[in-house]
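> Prediction below, plus the sequence it came from.
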Amino acid sequence: MQYIKQTIRELESYFPQRNKREDHDAFWERTLKDARHHPLNAQLEELPYPIKQIQAFELTYHGFDGTPIKAHYILPKNHQDALPCIIFFHGYMVNKGSISDYMKWLIQGYAVIAVDCRGQGKSADYSQYSSDGLGTWVTKGILDKEEYYYRKVYVDGVRAVDFACSQPEIDAERICIMGGSMGGGITLAVASLHDKPKLAIADMPNMCDIPLAIEQKMEGSLTYVENFLHRYPEHIELVYDNLTYFDNLNLSEKITCKTRISQGLKDLICPPRATFGVYNLLEAPKSIEIYPFAGHNMHFEEHIDKTIQFVNENL
């Protein structure tokens, strides 16, 4: 137990330097302004579903570059007042899952938007990438920050919040964004880029303190970045420079909403030290759940129950 306490103390004392480039804020201001010049073109198609207490829709909206992004849009049936809404982002190379996965939220009166990230699940990716050396999302467009995959994914997440705020049945002052792994990284980024979320819940988030995470990780999507740089060593400096724009170490400076992060100390995909680097610098109201023997997985009873309680107390 003493070793665990010492490990946590060391993690809590890690305060890395942000490495934002001079044009970081201008880059994101321009990105969001350009994205919002284009209409969402949101469409809802009602879905028949065997659980009779809900209304389920397939939501399609236009994300970055007009790519149609697909999502579940699910409402408790016969609701009276405007609903609090939880927006979910999934992990790398997974998808939004079944409508039934969200019942614990719907029975409590929450609306749900569960997004398929571009190129994954049912969402397309209409983008052209001039660099795509390994055929996986994390390296698509990595040689040009204007093209990079995560620029588009983060904007797609922002536009999901825009959609929620535009719906008369949603209380725009009670929006929570939530995700794990890649979804946790998107959650932190969207919280930094949009001022409407009231809560952000990021489980073992990726894209945190990226240079350190590349050094310390053993598995997961950042291994593809390492493989890319092994294959193309002439691009190391350029890639590391571009990644600063998408690193939550830099983006988190803008987060103002209440934020909860969780981290397993045995995580080989999103290393604890990288997550703590972002958490320790976060100036918004915050809390962290630490699980000494958890790896890259928060799907266990104690954490699920704590998450339900946290949302109910704060949303």
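That came in fine, so what should we check first?
> is it true that residue 70 touches residue 63?
No. Residue 70 is beyond contact range of residue 63, at 10.1 Å (criterion: C-beta atoms under 8 Å). (C-beta placed from N, C-alpha, C; glycine too.)
> quick one, which of the two is more surrounded?
Ranked by neighbour count (other C-beta atoms under 10 Å), residue 70 and residue 63 place residue 63 first, with 27 against 20.
> shared neighbours of residue 70 and residue 63, anything?
residue 123 (C-beta atoms under 8 Å, 6 or more residues apart in numbering).
> Tell me where the stretch 1-150 of the chain has helices.
Ranges of helices in the stretch 1-150 of the chain, per DSSP state H, counting those that start in this stretch, are 2-12, 24-36, 103-106, 149-166.
> you'd agree residue 212 is in a helix?
Yes. When classified by DSSP: H, G, I helix; E, B strand; the rest coil, residue 212 is found to be part of a helix.
> In contact with it, which residues are there?
Residue 212 makes contact with 16, 271, 273-274, 277 under the criterion C-beta under 8 Å, 6+ apart.
> I'd like those laid out as JSON lines, including distance to residue 29 and secondary structure.
Putting the contacts of residue 212 into JSON lines (distance: C-beta to C-beta, whole Å; DSSP: H, G, I helix; E, B strand; the rest coil) gives the following:
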{"residue": "16", "distance to residue 29": "24", "secondary structure": "coil"}
{"residue": "271", "distance to residue 29": "31", "secondary structure": "coil"}
{"residue": "273", "distance to residue 29": "31", "secondary structure": "helix"}
{"residue": "274", "distance to residue 29": "26", "secondary structure": "helix"}
{"residue": "277", "distance to residue 29": "25", "secondary structure": "helix"}
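> Ranking by neighbours, what's the top pick from those residues?
In terms of neighbour count, residue 274 stands highest of those at 30 neighbours, by other C-beta under 10 Å.
> which residues touch that one?
Contacts for residue 274 (C-beta under 8 Å, 6+ apart) come out as 208-210, 212-213, 216.
> again with residue 206
Contacts of residue 206 (C-beta under 8 Å, 6+ apart): 92, 181-182, 184-185, 213, 220-222, 269-270.
> of all those residues, which comes closest to residue 296?
residue 269 (4.3 Å; C-beta to C-beta).
> Quickly find the element holding the closest residue to that closest one other than its chain neighbours.
Of all residues not flanking residue 269 in the chain, residue 220 sits nearest, at 3.3 Å (C-beta to C-beta, 6 or more residues apart in numbering). In this assignment (DSSP states H and E), residue 220 forms part of neither any helix nor any strand.
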